[in-house]
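Peer 1: sequence first, predicted model second:
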Number of protein chains: 2
Amino acid sequence: MVFSVGEVPGVLWTLGGAVGARPLILIGHGGGQHKKAPAVLHRARRFVTDLGAAVVCVDVPGHGDRPPHPEFNALAVHNQTRIDDGEDLAAVLTAFQATVAGQTVPEWRVVLDAVQTLDHVGAGPVGYWGVSLGCGLGVPFVAAEPRVRAAVLGLGSGLANADAAARITVPIEFLVQWHDERIPRDQSLALYDAFASPEKTLHANPGLHSDRLPDHELDSTVRFFARHLTS
Amino acid sequence: MVFSVGEVPGVLWTLGGAVGARPLILIGHGGGQHKKAPAVLHRARRFVTDLGAAVVCVDVPGHGDRPPHPEFNALAVHNQTRIDDGEDLAAVLTAFQATVAGQTVPEWRVVLDAVQTLDHVGAGPVGYWGVSLGCGLGVPFVAAEPRVRAAVLGLGSGLANADAAARITVPIEFLVQWHDERIPRDQSLALYDAFASPEKTLHANPGLHSDRLPDHELDSTVRFFARHLTS
């Protein structure tokens, strides 16, 4: 079901004929992707089918059905110049994501409010899934939103988000691509280190930043959410 | 079923009434433990019940029902002196384990030969599970034994075992205790790095070397073996 909350276009998936409150999982899409990108659909389908969850994904500013965002665009162009001039890619990226999060954190909270008023979603436990941009925006979101009970994050750096991560105490499954060419390994491990969560598991697999995650990681994610959202 | 192969005492678990060939999982026990230690029984029960596997564990020289091993004992005493004198704990430990592996690798291979002659074990696929000492002895064993199709290892260092790890190509699930006070994190990550396996996943959790692993890790291990030994 496609919807808009204010200026935010989103999509909500539930099982056909679903009745009553259920877990809700918000997926944060990656950079350059959108609310119906294949990587989002792939996970949404599993969460709906295997967990009976409702799944929601919204377009990040400047992505999908949203108009270009002049301020973020200008910043992105400026950042590219900084990277071309030799500034650290991960540092520039994570600072940019922290800026965008200033807009997306309140947007996503309002979307949760709206979606949870639906009878077949309701005020059940909330989970969050997001890697790369979805991690950069997800860490401050999970830190700010007490409805989130468990989160899968990853392919992100502790550079800009360590303070927000230190306010997170819910269970975390944290994904690392071992040969990530965009996020230096020590910055990735530093973000895992920063979470205050007593239960936090790091899963690393060989591969570059944008390589497909192993299928068994999605299986693991489904079980992680099952443990924390459905029992 | 308790058994001996030569001078090696071991125990074999199978489902009551088991008939025919099945996966066989060898568990390598931890330092100071033995073939029936609680940590071994805990895992053996799950592997038998959930996977229908046969599980075998044997006492490492100087452990359990085996007599003291004068040579290894003398070496251990000498090593303690080196550690007291300020030598690196992990380096001394891993070098010691590599020495012990010179005896255990052939012992374990002969045990596999013997156990697989039993009708209710047979020549099915073999898995290996071992952390800490079980990793130090397990890496050279898995590298040497082509019957092993998948292995769970961890709480180990790449210092002494990187060459053997580089000969391993089967799927690996590698466990790290994030606050391990005995194995420096970089040496632990270096062992993960060293495996030549295309499929290798590192799972890190908060905790010290001997802290109990999270229950969800045993669930994950069972699914890992199910994927690689039973399908």
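Peer 2: Alright, I've got the coordinates. Numbers count the residues shown, from 1 in each chain, chains lettered A, B, ... in the order given.
Peer 1: return the residues of chain A in contact with chain B.
Peer 2: Applying CB under 8 Å from any CB of the partner chain, we find that chain A lies next to chain B at A:176, A:178, A:192-193, A:198-206, A:214, A:216-217, A:219-220, A:223-224, A:227. All C-beta spots, glycine's among them, are computed from the backbone N, C-alpha and C.
Peer 1: now which of those would you call buried?
Peer 2: A:176, A:178, A:192-193, A:199-206, A:214, A:216-217, A:220, A:223-224 (16 or more other CB atoms under 10 Å in any protein chain shown).
Peer 1: residues making contact with the lowest-mean-pLDDT helix or strand in chain A?
Peer 2: In chain A, no helix or strand scores lower on mean pLDDT, DSSP states H and E than helix A:70-84, which sits at a mean of 90. Contact with helix A:70-84 is made by A:P61, A:G62, A:L89, A:V92, A:L93, A:F96, A:T99, A:V100, as judged by CB atoms under 8 Å, 6 or more residues apart in numbering or on different chains.
Peer 1: tell me which of the buried ones among the residues of chain A next to chain B fall in strands.
Peer 2: In strands, judged by DSSP state E, the following of these are found: A:V176, A:K200, A:T201, A:L202, A:H203, A:A204, A:N205.
Peer 1: okay if I get those residues as TSV plus pLDDT and distance to B:P23?
Peer 2: Putting those into TSV (pLDDT from 0 to 100; distance: CB to CB, whole Å) gives the following:
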residue	pLDDT	distance to B:P23
A:V176	98	30
A:K200	98	31
A:T201	98	26
A:L202	98	28
A:H203	98	24
A:A204	98	26
A:N205	98	24
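Peer 1: just the helices in chain A please.
Peer 2: For chain A, applying DSSP state H gives helices covering A:38-51, A:70-84, A:89-116, A:133-136, A:138-144, A:162-165, A:185-194, A:215-229.
Peer 1: tell me which residue lies farthest from the centre of chain A.
Peer 2: Centroid-distance maximum for chain A: A:D85 at 29.7 Å, with CA atoms, centre = their mean.
Peer 1: thinking again about what came up before, winner for burial among the helices of chain A?
Peer 2: helix A:133-136 (a mean of 28; mean count of other CB atoms under 10 Å in any protein chain shown).
Peer 1: got the contact list for that one?
Peer 2: Contacts for helix A:133-136 (CB under 8 Å, 6+ apart): A:27-31, A:33, A:60, A:93-94, A:97-98, A:100-101, A:153-157, A:160-161, A:191.
Peer 1: can you do 7 Å?
Peer 2: A:28-31, A:60, A:94, A:97, A:101, A:153-156, A:161 (CB atoms under 7 Å, 6 or more residues apart in numbering or on different chains).
Peer 1: what does stretch A:156-163 give?
Peer 2: A:90-91, A:94-95, A:97-98, A:132, A:135-136, A:139-140, A:165, A:183, A:187-188, A:190-191, A:193-194.
Peer 1: which residues of chain A score low on pLDDT?
Peer 2: Using pLDDT under 70 as the threshold, the predicted model of chain A has no low-confidence range.
Peer 1: adding distance to A:G17, write the ones in strands among the buried ones among the residues of chain A next to chain B out as TSV.
Peer 2: Putting those into TSV (distance: CB to CB, whole Å) gives the following:
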residue	distance to A:G17
A:V176	39
A:K200	36
A:T201	34
A:L202	38
A:H203	34
A:A204	40
A:N205	37
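Peer 1: what residue is smack in the middle of chain A?
Peer 2: Note: chain A centre (CA atoms, centre = their mean) maps to A:G130, 2.4 Å.
Peer 1: count of residues packed around the nearest residue to that one once chain neighbours are set aside?
Peer 2: Sequence neighbours aside, A:G28 is the residue nearest to A:G130 in space, at 3.0 Å (criterion: CB to CB, 6 or more residues apart in numbering or on different chains). Using other CB atoms under 10 Å in any protein chain shown, the number of residues around A:G28 comes to 27.
Peer 1: ok, the nearest residue in space to A:K35 that is not next to it in sequence - contacts?
Peer 2: Nearest residue to A:K35, sequence neighbours excluded (CB to CB, 6+ apart): A:C57, at 4.3 Å. Contacts for A:C57 (CB under 7 Å, 6+ apart) come out as A:G10, A:V11, A:I27, A:H29, A:K35, A:V40, A:A44.
Peer 1: most neighbours among those, which one?
Peer 2: Neighbour max across the contacts of A:C57 (other CB under 10 Å) = A:I27, 26 neighbours.
Peer 1: for it, give the beta-bridge partners.
Peer 2: A:C57, A:W129 (DSSP bridges).
Peer 1: show me the contacts for it.
Peer 2: Contacts of A:I27 (CB under 7 Å, 6+ apart): A:V40, A:R43, A:A44, A:V55, A:C57, A:W129, A:G130.
Peer 1: how much space between it and chain B?
Peer 2: 22 Å (CB to the nearest CB, to the nearest Å).
Peer 1: ok, A:A90 next?
Peer 2: From A:A90 to chain B the distance is 19 Å (CB to the nearest CB).
Peer 1: hang on, that residue packs against A:P184?
Peer 2: Yes. Counting by CB atoms under 7 Å, A:A90 touches A:P184, with 5.9 Å between them.
Peer 1: coming back round to it: now for the ones in strands among the buried ones among the residues of chain A next to chain B: which two are most distant?
Peer 2: Farthest apart among these by CB to CB are A:K200 and A:N205. That separation is 17.1 Å.
Peer 1: tally up the residues packed near A:P23, please.
Peer 2: Quick note: A:P23 (other CB under 10 Å) scores 23 neighbours.
Peer 1: contacting residues for it?
Peer 2: Here A:P23 is in contact with A:L51, A:A53, A:G124, A:P125, A:G127, A:L229, A:T230 (CB under 7 Å, 6+ apart).
Peer 1: what subset of the residues you listed is buried?
Peer 2: A:L51, A:A53, A:G124, A:P125, A:G127, A:L229.
Peer 1: from those residues, which is closest to chain B?
Peer 2: Closest approach to chain B among those (CB to the nearest CB): A:L229, at 14.2 Å.
Peer 1: correct me, but that closest one touches A:R149?
Peer 2: Yes. A:L229 is in contact with A:R149 according to CB under 7 Å; the separation is 6.2 Å.
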